[in-house]
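>>> here is my input, please return the structure:
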Amino acid sequence: FLRDVLFTSGGWVGTMAKVGLGIIGTADIAQKIVRTVAQAEGMEVVAVASRSMERADSWCTSLDLPASTCARYASYADLLQDANVQVVYLPLPTAMHKEWALKVAQAGKHLLIEKPVGVTTQEVEEMVAACAAAKVQFMDGVMWMHHVRAPKMRDAVQGGGL
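Here you go, the predicted structure:
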């Protein structure tokens with residue numbers, strides 16, 4: 001899905017075989033993304049950053065992400081310098097989203113950010129604007145809207161059935 005979004009939005013660059021995903025933070029929710037990406041064609045986890053190298057190593061090892069194909073960083077900023085990363089997944093605490101979303105956009109990387117996206121509406125607007133200015137995609141982690149139930153729920157609300 002993410003690869004399709006990048007391709008159809010004009011964000012796809014070059015003829016790379018796979019989109020490289022970097023993960024900033026080793027939150028439990030990020031494990032689900034790793035498992036999903038492992039099943040997807042056209043995308044792979046190529047880098048993980050944590051606050052310590054020990055944590056990055058142990059987290060990657062627990063998810064069978066080999067060091068030969070997945071770089072590990074003890075600095076979030078270092079991950080943003082990795083040329084193999086085209087998309088950054090940001091599962092950090094919400095209070096840290098704005099700072100790192102702006103840095104992701106400045107680095108020219110597409111952004112998949114976990115929910116809730118920001119502390120305030122103004123923060124979210126700034127993040128979206130930064131991504132637009134950098135010509136990178138801003139995607140939030142609310143994928144339920146793509147579920148087959150969403151149109152039925154929308155029809156029920158709009159039709160006054162609730």
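
>>> now do the helices in the protein.
Remark: helices assigned in the chain by DSSP state H are 2-8, 28-39, 53-62, 76-80, 94-106, 121-133, 149-158.

>>> from Ala49, how far out is Leu102?
16 Å (C-beta to C-beta, to the nearest Å). Quick note: C-beta positions are derived from backbone N, CA and C, even for glycine.

>>> so between those two, which is more surrounded?
Neighbour totals were compared for Leu102 and Ala49, and Ala49 leads with 26 against 18 (other C-beta atoms under 10 Å).

>>> measure that one to Gln86 for me?
Counting by C-beta to C-beta - Ala49 and Gln86 are separated by 15 Å.

>>> check Gly118 too.
23 Å.

>>> hmm, back to that, let's have the helices of the chain in CSV, adding distance to Asp140 and mean pLDDT.
Shown next, in CSV, are these (distance: least, C-beta to C-beta, whole Å; pLDDT from 0 to 100):
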stretch, distance to Asp140, mean pLDDT
helix 2-8, 12, 49
helix 28-39, 13, 93
helix 53-62, 23, 97
helix 76-80, 19, 98
helix 94-106, 10, 98
helix 121-133, 9, 97
helix 149-158, 15, 82
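
>>> quick one, which of the ones you listed gets closest to Met139.
helix 2-8 (6.6 Å; C-beta to C-beta).

>>> with neighbour numbers in mind, choose between Gly118 and Gln86.
Gln86 (24 against 20).

>>> I'd say that one and Val19 touch.
Yes: applying C-beta atoms under 8 Å, one finds Gln86 in contact with Val19, separated by 5.3 Å.
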